[in-house]
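**Q** sharing a model that was predicted from the sequence below.
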Amino acid sequence: MISYISASYVYPVSSAPLEEGVIALDANGLILEILTAAEAVSKGITDIKFYEGILVPGFVNTHCHLELSHLKGKIDKHTGLPGFVEQVIRQRQAKDEEVVDAMEIADRNMYAQGIVAVADISNQLISKEVKEISGIYYHTFIEAMGFNPGKAADIIEAAKIMKKAFQPLNASIVPHAPYSVSDNLFNEIRKEGEVHQDLISIHNQETPEENEFFEYKSGSFLKLYEFLGLNIDFFKATGRSSLQSYLPKLSPSLKTLLVHNTFSSSADLDFAKANHPALYWCLCPNANLYIENKLPALPLFLEAGVKITLGTDSLASNDQLSIVAEMRTLQQHFQLPLAQLLSWATINGAEFLGIEDRFGSLVPGKTPGINLLEYVEKDGEMWITGQIKRLA
Ligand SMILES: [Zn+2]
């Protein structure tokens, strides 16, 4: 059965918006045709369901931690990252049942919020079942963590076992953050990634203390290591920012997602472009406001012309897991055109995950999910108002 839907505007993302464009789709949400209003008339198509609003593809959330969903509302805001990490470590323990219930609710809410694919960070296997029965496509990043160089071999072995246990779901082993992974562990992750041509993700420059630690070996990270009981005598300040210190340790042949980038400078962006050809920059603005009360310097990213994706981060650092909410925050702070925001929210993430044959744009042959957004027109620009209805 073919159904025809239309709205005030259709934003295919891969091509220009169509005023009152028409989407033909089958019962499985497979797009058969995208028509202009005139083409629909000339083909004599009359049975069209019309909506007030904008039709856009399903969203791709490139950074989430389902495992932390039970911490919703429990973590204090604006503490800065070291304080955030301490709070999560102190409160993370919970009964499996509580964790699973919270993940199921989070997964269902993401689906309802029009999210079709998620790149999810996991430290345990506990999210596997939720992901298996979900209507959302998941890629799991198994996060390896350990700043003590002597432990790298054990950590990578444990990560490989977990990767296997996640099968048949897609998963890859990734470094947690520059300040929590030793050179030896970076090396092991790189070897494993290159063998399997895996996707890589890393938390990048989420706090000013991260840069301070690498440049001068000072700041509140020293207190965090103390809290963790870690002797870091072996670590020498590099005199460079975090990103410029660790990026050469990553494989330039693997697609790599840098997450947060709240304190990346234009020198960092230049360095990154010169040293890694396959980078994607994931912004999680609501989590940045939650933890650091600061946003990335977006004009620098626009000027550098890098590929941007969006992420929600976890319910430990966000009030909701909604890509629309992330888009609205960026639009309010930086007055961005909707078409640009949409490409970050859809096709760029799909391309990073290698699922652009199915997701990311309204194109015949894809089943990308279809969302209806409410909007207002202001100063010649479309502003999304946050109301969303998932149609496919
Ligand atoms: Zn994260």
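**A** Arrived safely, thanks for sending.
**Q** quick one: pLDDT of the closest residue to Pro178 other than its chain neighbours?
**A** Of all residues not flanking Pro178 in the chain, Tyr246 sits nearest, at 4.2 Å (Cβ to Cβ, 6 or more residues apart in numbering). Heads up, the C-betas are built off the backbone N, CA and C, glycines and all. Listed pLDDT for Tyr246 reads 98.
**Q** packing partners for the helix or strand harbouring Tyr246?
**A** Assigning secondary structure by DSSP states H and E places Tyr246 in helix 242-246. Contacts defined by 3 or more Cβ pairs under 8 Å, 6 or more residues apart in numbering; DSSP states H and E place helix 242-246 against strand 200-204, helix 208-216, helix 266-275.
**Q** what number of residues lie near the nearest residue to Val56 once chain neighbours are set aside?
**A** Sequence neighbours aside, Tyr11 is the residue nearest to Val56 in space, at 4.8 Å (criterion: Cβ to Cβ, 6+ apart). For Tyr11, the neighbour count with other Cβ atoms under 10 Å is 25.
**Q** please apply the same query to Glu192.
**A** Burial of Glu192 is recorded as 18 neighbouring residues (other Cβ under 10 Å).
**Q** isn't it right up against Ile173?
**A** Yes. With contacts counted by Cβ atoms under 8 Å, Glu192 reaches Ile173, the gap being 5.3 Å.
**Q** what touches both of the two?
**A** By Cβ atoms under 8 Å, 6 or more residues apart in numbering, Glu192 and Ile173 have these common neighbours: Ile156, Ala159, Lys160, Asp198.
**Q** wait, doesn't Glu356 sit right on Gly349?
**A** No. Contact criterion Cβ under 8 Å: Glu356 and Gly349 do not qualify, at 9.2 Å.
**Q** now the residue nearest to the spatial centre of the chain, what's its secondary structure?
**A** In the chain, the C-alpha nearest the mean C-alpha coordinate belongs to Thr62, at 2.1 Å (Cα atoms, centre = their mean). Using DSSP: H, G, I helix; E, B strand; the rest coil, the structure places Thr62 in strand.
**Q** quick one: it and Arg90, what's the gap?
**A** Thr62 sits 28 Å away from Arg90, going by Cβ to Cβ, to the nearest Å.
**Q** residues in contact with the nearest residue to Leu362 once chain neighbours are set aside?
**A** Nearest residue to Leu362, sequence neighbours excluded (Cβ to Cβ, 6+ apart): Pro12, at 4.0 Å. Contacts here follow Cβ under 8 Å, 6+ apart; on that basis Pro12 touches Leu18, Gly21, Ile34, Pro57, Ser361, Leu362, Val363.
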